[in-house]
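Chemist: let's see this in three dimensions:
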Amino acid sequence: QVQLVESGGGLVQAGESLTLSCTASGFRFSLSTMAWYRQAPGEQRQLVATINSSGRTGYADSVKGRFTISRDNAKSAMYLQMDSLKPEDTAVYLCNTNPYRYGSGRDSRDYWGQGTQVTVSS
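Modeler: Predicted coordinates:
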């Protein structure tokens, strides 16, 4: 089955950096668009960054120039390098995909990891 596992969250001070990882299994990772979302308490889930199978990336305006999304297809892993962190970046960060399934093509359903907490103190 599709599995997404995030790691790398933690508590940092404003201006510091953090790198999140998402390891994936159960689907054709190299053909799948991947994304990072975040959700702060009391707020809606927000798209942070995306990366498609060709490596093309997209970012929310709030993180553009500070965050970098990347992927390693050989490891079925996706990363989010977060620099110049701000207190407003505090949230649970979640890995997301509409996976390309073995034998059945693209699955339109959203799949999520369990999330990893990022807390930025001022």
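Chemist: which residues does the nearest residue to Leu18 once chain neighbours are set aside contact?
Modeler: Nearest in space to Leu18, with sequence neighbours left out and distances taken as C-beta to C-beta, 6 or more residues apart in numbering, is Met82 at 4.9 Å. The C-beta positions use only the backbone N, C-alpha and C, and glycine is treated the same way. Shown in contact with Met82 (C-beta atoms under 8 Å, 6 or more residues apart in numbering): 17-20, 63, 66-67, 89, 118.
Chemist: for Leu80, name its beta-bridge partners.
Modeler: Assessed by DSSP bridges, Leu80 has beta-bridge partners Leu20, Ile69.
Chemist: burial count for it?
Modeler: For Leu80, the count of nearby residues is 26 (other C-beta atoms under 10 Å).
Chemist: all numbers from here: first residue = 705
Modeler: Yep, numbering from 705; the last one is Leu784 now.
Chemist: helix or strand with the lowest mean pLDDT in this protein?
Modeler: When each helix and strand of the chain is scored by mean pLDDT, DSSP states H and E, strand 809-810 comes last, with a mean of 87.
Chemist: mind giving me the packing neighbours of that strand?
Modeler: Contacts defined by 3 or more C-beta pairs under 8 Å, 6 or more residues apart in numbering; DSSP states H and E place strand 809-810 against no helix or strand at all.
Chemist: so in that sheet, which strands flank it, and in what orientation?
Modeler: Strand 809-810 has these strand partners (DSSP bridges): strand 804-805 (antiparallel).
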